[in-house]
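Asks: Dropping the sequence and predicted coords here.
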Amino acid sequence: MMRCPCCGARDFRRSERCPAEAAPGFRECGHCGILVDPHALASGEIETFLRTRLVAGTFVSRRRDPIIVESYALRTLALSRRLALSPLGAAQRHALCHPYQPLPANAALSPLAMIDPVPVTLVILCRPVDLKCLTPQLPELERRFDDIVLMLDATMTPQTPPRGDRVRLVARPLAGNFAAQRNAGQVAAKCDWVLQLDADESLGAGTHADLGRVAALADSAGAVSVGLPRRNLVDCVLADLYPDVQYRLNHRTVQFEGTVHERPAPPRGWRDSFIAPNLAIDHHLTAAHVEARSARYEQLSPGKGRMFERDALLTPYRP
Ligand SMILES: [Zn+2]
């Protein structure tokens, strides 16, 4: 199956929206909600459409286009080209907050770089053994984030904690509950928006500059949770498990749930969230770690070791 030209997922499906809003032959991306003509994807027509139509200025979704979008899906499609959407009129604004209305998108698109970023707290879940590797990274992270919280899986802070004007260390036993640990990070954050990472994750190239801008864009439409594609690098090779979207950029009021595969739980579920394909988390793994992690998850939460996930991690990325 082909990957989505917007979010990279291999998740095209038949849906009621296709014949109603586009044509029976179209497919809906189950990840980002765009409606795509598979033939146009194969022929390269989609590339031309994105290059010529997804540009700064007014965008109107037309019935004959190879991609059909309403306001909600257009926000993500625009972000994939580093453009910010501003819905034109009350009906379009309503559609942005209430996906998926059968209302073709009509919006002003502008360069994302023109948006003033809002401050973001960085929370890193880590263990005492990770501090040796994290500490040298802190000066660089302090230049990029107004507030950094290291959520340390421990009962007490180390004798020589990492230092920094913007760095705080919170010792709290993880006790197998990832959601509770992330929620403690949400509470500790000083900024309204919080990016949550693990010790073996870093931000993809160019992502930092856009983080606060995407948060500001979310604020403008009342969205509280943003999904970032995660690039799993297994022994430095990009894995086929992509985009592996992680909803890690959240308003501080959002709480996570789920002991192991934790997810944020905003008031209206996924409707309060969107994917930002212009952002990326790099996840640094070894094949040995993938095997061990899968076994450990199975132990924590039987049946949830996600063997398909392990297989996709051990397969190199296929375009
Ligand atoms: Zn998609």
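Replies: Here it is on my side, so go on.
Asks: And the pLDDT for Met1?
Replies: We note a pLDDT of 83 for Met1 in this prediction.
Asks: Look up how far Pro319 lies from it.
Replies: In this view, Met1 and Pro319 are 12 Å apart by C-beta to C-beta, to the nearest Å. Heads up, the C-betas are built off the backbone N, CA and C, glycines and all.
Asks: Those two: which has the busier surroundings?
Replies: The residue with more neighbours, out of Met1 and Pro319 and counting by other C-beta atoms under 10 Å, is Met1; that gives 10 against 7.
Asks: quick one, what contacts the more buried one?
Replies: Applying C-beta atoms under 8 Å, 6 or more residues apart in numbering, we find Met1 in contact with 10, 12.
Asks: Report pLDDT for the closest residue to Asp244 other than its chain neighbours.
Replies: Among residues not flanking Asp244 along the chain, Arg230 sits closest, at 4.3 Å (C-beta to C-beta, 6 or more residues apart in numbering). Here the pLDDT value assigned to Arg230 is 97.
Asks: Report the beta-bridge partner residues of Arg230.
Replies: Beta bridges link Arg230 to Ile281 when assigned by DSSP bridges.
Asks: quick one: contacts of the lowest-mean-pLDDT helix or strand in the chain?
Replies: The helix or strand of the chain with the lowest confidence, counting by mean pLDDT, DSSP states H and E, is helix 287-300 at a mean of 84. Contacting residues not belonging to helix 287-300 are listed as 176, 234-235, 259-261, 304-307, 309-310, 313-314 [C-beta under 8 Å, 6+ apart].
Asks: What is the neighbour count of the spatially closest residue to Cys29 that is not a sequence neighbour?
Replies: Closest residue to Cys29 in three dimensions, ignoring its sequence neighbours and counting by C-beta to C-beta, 6+ apart: Cys4, at 4.3 Å. Applying the criterion other C-beta under 10 Å, we find 27 residues in the vicinity of Cys4.
Asks: Please verify my assumption that the residue nearest to Asp244 contacts Pro277.
Replies: No: between Arg230 and Pro277 there is no contact under C-beta atoms under 8 Å: 11.8 Å.
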